[in-house]
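**Student:** give the three-dimensional model of this entry:
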Amino acid sequence: MFYASISAYITKVCGISDNIFHLLKQKVQHISDNDKLVNMSLDEMSLMANLTYDSTSDTVIGFEDFRFARTAKIANSVLVIMINGIFLCFKQPLLYYFCKGTVGAMHLTAIFYEVVKRLKEIGLVVKTCVTDQGSNFVDWRKRLGITQDNPILVYEEQKIYFFYDTPHLFKSIRNNLFRYDIIHTSNDGLVGTASWKDISQLYSNDLHRKYKLAPKLTKKVVELPAFSKMKVGTAVRVLSHTVAAGIDTLVFCGSMPLSATGTSDFCQKVNDIFDIFNTYSVKGPVHLRNCIRSDSEHLDVLHVTKPWIHSWKFVGSDGKDYSLGIKCVKGLLSNICAFEMLAAEVLTGTKLYLFSCKINQDTL
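**Tutor:** Residues are numbered from 1 along each chain as shown. Now for the predicted structure:
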């Protein structure tokens, strides 16, 4: 990890640090071209508004500060940009900006191009870019011409693939399943309905069992009290193979209605998609969590899954269709398209393998 050896050179001044880029240049000049491919993550987080005097720089810290434009507004959030290797194992925070609210699309564009340019000058190539689905990041992608079916930007003959953070997408899918029934149609034409009621029934059925079918389904995971909806960990416990198998078992035993298979099928397929976007081992017991190669089944699974995702309809308790307002579906389809294009470029005709877990915001 590069940041461990150069953290002492990070200044308290917002914006790009020449020291970091100078030391990164020395670190990367002897690595291979593939190892120079990096993922860039952009994320914002809230801060407690406060002003502090820094005697070393003789400045007051806490105002909105984009380095090239400092205002009198007191900042309440921070934008952080970090890179990590796609093939080489390293990560490095690059810069931060204090801001009032969110950073607008115009400022994001200027910051992004400047960072890509500086990285290219020292030999690093930005191949992927990851953000969440915050409204400012969605507007920024539109400004760059990024679309669901063509999530790619060509900058000075350099292709950059845009992703939404996959863990955030799956958290959003869980939250919408909690709120709506999801009607889905398989590629064979079979229609099923995923319902949170089936998950609650599985949990209730397990309450008095000594050996539970879904031991990770807890009251907090099922009822989702305050702040639980913000946690990815509670989402993957629901959209899992264990929950799918548990519901299927109760249906087989006659303890749940046959319609509950719509929920088990949904949980299993979403679980498989998450595994593909979270590969982290070379050879493990769960084959879809193993590294992705040009001839592996991961890309085939994603390809046949796209029509199924397109079929999702989100129906409320009032019977109305709320599908048009669901952003996570478009984000997931965009990610699949970006991943197929990325794999075609970097894996086809090579013996390289890819860990998809490196294309998310976990480093941040």
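**Student:** tell me the SS of Lys127?
**Tutor:** When classified by DSSP: H, G, I helix; E, B strand; the rest coil, Lys127 comes out as strand.
**Student:** pull the number of nearby residues for the spatially closest residue to it that is not a sequence neighbour.
**Tutor:** In space, and not counting its chain neighbours, Lys127 is closest to Leu37: 4.4 Å by CB to CB, 6 or more residues apart in numbering. C-betas here are computed from N, CA, C, even on glycine. Leu37: 18 surrounding residues under other CB atoms under 10 Å.
**Student:** quick one: mean pLDDT over stretch 324-338.
**Tutor:** Mean pLDDT, computed over stretch 324-338, is 96.
**Student:** would you mark the buried spots in it?
**Tutor:** 326, 328-338 (16 or more other CB atoms under 10 Å).
**Student:** can you check stretch 261-274 too?
**Tutor:** In stretch 261-274, counting by 16+ other CB under 10 Å, buried: 261-274.
**Student:** quick one: Gly262 is in a helix?
**Tutor:** Yes. Assessed by three-state DSSP, Gly262 belongs to a helix.
**Student:** can you pull the contacts of it?
**Tutor:** By CB atoms under 8 Å, 6 or more residues apart in numbering, the contact list for Gly262 reads 184, 191-195, 198.
**Student:** and these, which two are furthest apart?
**Tutor:** Val191 and Asp198 (15.6 Å; CB to CB).
**Student:** mind jotting down where the helices sit in this structure?
**Tutor:** For the chain, the helices defined by DSSP state H occupy 3-6, 18-28, 105-121, 135-144, 166-179, 196-206, 219-223, 232-238, 241-253, 261-276, 298-310, 327-346.
**Student:** now the last one and helix 298-310, what's the angle there?
**Tutor:** By that I understand helix 327-346. Computed by axes from the mean of the first three to the mean of the last three CA atoms, to 10 degrees, the angle separating helix 327-346 from helix 298-310 equals 160 degrees.
**Student:** okay, the buried residues of stretch 261-274 in TSV with pLDDT and distance to His22 next?
**Tutor:** TSV is the format used below for the buried residues of stretch 261-274 (pLDDT from 0 to 100; distance: CB to CB, whole Å):
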residue	pLDDT	distance to His22
Thr261	97	59
Gly262	97	57
Thr263	98	55
Ser264	98	55
Asp265	97	54
Phe266	98	51
Cys267	97	49
Gln268	97	50
Lys269	97	48
Val270	97	45
Asn271	97	45
Asp272	97	44
Ile273	97	41
Phe274	96	39
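**Student:** what ranges of the stretch 51-200 of the chain fall below the confidence cut-off?
**Tutor:** In the predicted model, the stretch 51-200 of the chain carries pLDDT under 70 at residues 68.
**Student:** per-residue pLDDT, the nearest residue to Ser200 once chain neighbours are set aside?
**Tutor:** Nearest residue to Ser200, sequence neighbours excluded (CB to CB, 6+ apart): Val222, at 5.6 Å. The pLDDT attached to Val222 in the predicted structure is 95.
**Student:** show me what contacts Val222?
**Tutor:** Counted by CB under 8 Å, 6+ apart, Val222 has contacts 199-200, 203, 238.
**Student:** let's see that with 7 Å instead.
**Tutor:** 199-200, 203 (CB atoms under 7 Å, 6 or more residues apart in numbering).
**Student:** could you do Leu239 as well?
**Tutor:** With contacts defined as CB under 7 Å, 6+ apart, the neighbours of Leu239 are 170, 173-174, 267, 270-271, 274.
**Student:** list just the nearest of those residues to Asp149.
**Tutor:** Distances from Asp149 to those, taken by CB to CB, are shortest for Ile173, at 20.3 Å.
**Student:** out of everything not next to it in sequence, what's closest to that closest one?
**Tutor:** Per CB to CB, 6+ apart, closest to Ile173 is Cys328, 5.4 Å.
**Student:** surely that neighbour touches Phe170?
**Tutor:** No. When contacts are counted by CB atoms under 7 Å, Cys328 is not listed as touching Phe170 (8.1 Å).
**Student:** start to end distance for stretch 184-202?
**Tutor:** With CA to CA, to the nearest Å as the measure, the ends of stretch 184-202 fall 21 Å from one another.
**Student:** next one: that stretch to chain centre, how far?
**Tutor:** Taking the mean of its C-alpha atoms, stretch 184-202 sits 24 Å from the chain's own mean (CA atoms, centre = their mean, to the nearest Å).
**Student:** just to revisit the earlier point, distance check, the residue nearest to Lys127 against Lys320.
**Tutor:** To Lys320, Leu37 is 45 Å away according to CB to CB, to the nearest Å.
**Student:** how many neighbours does Gly284 have?
**Tutor:** 12.
**Student:** thinking again about what came up before, in a markdown table: the buried residues of stretch 261-274, plus distance to Tyr164.
**Tutor:** Output for the buried residues of stretch 261-274, formatted as a markdown table (distance: CB to CB, whole Å):
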| residue | distance to Tyr164 |
| --- | --- |
| Thr261 | 29 |
| Gly262 | 26 |
| Thr263 | 25 |
| Ser264 | 26 |
| Asp265 | 24 |
| Phe266 | 20 |
| Cys267 | 21 |
| Gln268 | 22 |
| Lys269 | 19 |
| Val270 | 15 |
| Asn271 | 19 |
| Asp272 | 19 |
| Ile273 | 13 |
| Phe274 | 14 |
